[in-house]
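Engineer: Generate coordinates for the sequence data below:
(one chain, ligands or ions: 1)
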Amino acid sequence: MNFTKMNGLGNDFIIVAHFETLPENAPELSRNMCDRHFGVGADGLVFILPSDKADIRMRIINADGSEAEQCGNAVRCVAKYAFDHKLVQDEALTVETMAGIQRVWLTVENGKAVQVKVDMGEPILRGEAIPVALSQERIVNHPIEAGGEAFSFTGVSMGNPHAVIFVDDAPRFDVEKWGPLLETHRLFPNKANIEFVSVTSPQEVEMRVWERGCGQTFACGTGACATVVAGSLTGRTERRALVHLKGGDLEIEWNETDNRVYMTGPAEEVFVGRWHKA
Ligand SMILES: N[C@@H](CCC[C@H](N)C(=O)O)C(=O)O
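Structural biologist: A predicted model of the protein is given here:
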């Protein structure tokens, strides 16, 4: 099976583009291929499939075999792949995901997409819809306790669930310790992606992430979107901010007019390979 290794700011994916539908063994395949010792190594396995609603369709399986509804960094990679490999001809395209249809605009240099802007849709803030086990219209600065420590989080779904926690120093925060305890907290029935964020200025934040289904990653596109929504809801940031991640920067705007979140950042193809195991 041929695959392409790509990443968005170091959030890395194995891209497979020759299936018509999701193969039945996708969870097992993802666990095997994403294994960093016995496989290719990646945060997720991404399938580019035909769509009858958009230019292409994307399904993403996390490294642990669970399926995610949405992935910002993968949408950018998939759009770049589709353009560079001539699955689409236009610099504006649409990608069907489990969370809806994403509009995408590419910046192209020398025939290759180098920068990708994505309409990530409207953030979902109602408790049950995120889902968070709290029936409130908005979950903002809500207390949460894990491992004997008190935190407060803002709940946001960008199609997938996020809990944003503001801390003093995100780059030095012990993500490996607190991430898994919060991901599986009883308040999150579908688990959650956990963002630890410190605010540098109203236009700039540092973010570290513990992702549902794959652990700490170098970047999370939906997490960066959720962070700016949470920053704006809590009065910490403006609606437009630069999010500094371990793997680089994302520009995020929660547009006041259409209530949609726009994400801009790079995507990179690194190598191609052929997979022999099941
Ligand atoms: N890295 C992604 C999100 C991938 C899915 C996530 N692990 C989940 O289970 O929701 C991004 O860039 O958004």
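Engineer: drop to CA atoms for contacts and neighbour counts, all remaining ones
Structural biologist: Fine.
Engineer: Next SSE downstream of the helix or strand where Ile14 lies?
Structural biologist: Ile14 is part of strand 11-16, with elements assigned from DSSP states H and E. On the C-terminal side of strand 11-16, the closest following helix or strand by DSSP H and E is helix 26-34.
Engineer: Measure how that following helix sits relative to strand 11-16, angle-wise.
Structural biologist: For helix 26-34 against strand 11-16, the angle by axes from the mean of the first three to the mean of the last three Cα atoms, to 10 degrees is 120 degrees.
Engineer: and the strand holding Ile14, which strands flank it?
Structural biologist: Based on DSSP bridges, the strands next to strand 11-16 in the sheet, each with its direction, are strand 2-8 (antiparallel), strand 44-49 (parallel).
Engineer: okay, whichever helix or strand comes after the last one in CSV with CA atoms only?
Structural biologist: Using DSSP H and E, the helix or strand that follows strand 44-49 in sequence is strand 56-62. Coordinates of each C-alpha in strand 56-62 appear next as CSV, following Å, rounded to 0.1, in the frame of the first residue of the first chain:
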residue,chain,number,x,y,z
ILE,A,56,-12.7,15.4,-1.7
ARG,A,57,-13.5,13.6,1.6
MET,A,58,-11.2,13.1,4.6
ARG,A,59,-11.5,10.6,7.4
ILE,A,60,-8.9,10.6,10.2
ILE,A,61,-8.1,7.7,12.6
ASN,A,62,-6.0,8.6,15.6
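Engineer: returning to what we had before: let's have the strands paired with strand 11-16 in TSV, adding distance to Val199.
Structural biologist: TSV is the format used below for the strands paired with strand 11-16 (distance: least, Cα to Cα, whole Å):
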stretch	distance to Val199
strand 2-8	23
strand 44-49	29
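Engineer: which of those sits most buried?
Structural biologist: The highest mean neighbour count among the strands paired with strand 11-16, using mean count of other Cα atoms under 10 Å, belongs to strand 44-49: a mean of 26.
Engineer: With respect to Asn110, which of the strands paired with strand 11-16 lies nearest?
Structural biologist: With distances scored as Cα to Cα, the stretch of these nearest to Asn110 is strand 2-8 (18.8 Å).
Engineer: can you give me how far that closest one is from the chain middle?
Structural biologist: The chain centroid and the centroid of strand 2-8 are separated by 16 Å under Cα atoms, centre = their mean, to the nearest Å.
Engineer: And for stretch 43-53?
Structural biologist: A distance of 15 Å separates the C-alpha centroid of stretch 43-53 from that of its chain, computed with Cα atoms, centre = their mean.
Engineer: Any chance you could give me it in CSV, C-alpha atoms only?
Structural biologist: Output of stretch 43-53 as CSV, limited to C-alpha atoms (Å, rounded to 0.1, in the frame of the first residue of the first chain):
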residue,chain,number,x,y,z
ASP,A,43,-0.1,11.0,15.1
GLY,A,44,-2.8,9.7,12.8
LEU,A,45,-3.8,7.8,9.6
VAL,A,46,-5.7,10.0,7.1
PHE,A,47,-7.7,8.7,4.2
ILE,A,48,-8.5,10.9,1.2
LEU,A,49,-11.7,9.5,-0.3
PRO,A,50,-14.2,10.5,-3.1
SER,A,51,-17.0,12.8,-2.0
ASP,A,52,-20.4,13.5,-3.5
LYS,A,53,-20.7,16.8,-1.5
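Engineer: Average pLDDT for it, rounded please.
Structural biologist: Across stretch 43-53, the average pLDDT comes to 98.
Engineer: Stretch 77-89 now?
Structural biologist: Averaging pLDDT along stretch 77-89 gives 98.
Engineer: you'd agree His244 is in a strand?
Structural biologist: Yes. The assignment for His244 by DSSP: H, G, I helix; E, B strand; the rest coil puts it in a strand.
Engineer: What residues does it make contact with?
Structural biologist: Glu204, Val205, Glu206, Met207, Leu250 (Cα atoms under 8 Å, 6 or more residues apart in numbering).
Engineer: follow-up on the earlier one: what's the spacing between the strand holding Ile14 and its chain's center?
Structural biologist: Averaging C-alpha coordinates over strand 11-16 and over its chain gives two centres that are 12 Å apart (Cα atoms, centre = their mean).
Engineer: Identify the residues contacting that strand?
Structural biologist: If you take Cα under 8 Å, 6+ apart as the criterion, strand 11-16 is touched by 2-7, 33-34, 40, 42-48, 73-74, 78, 217-220, 247.
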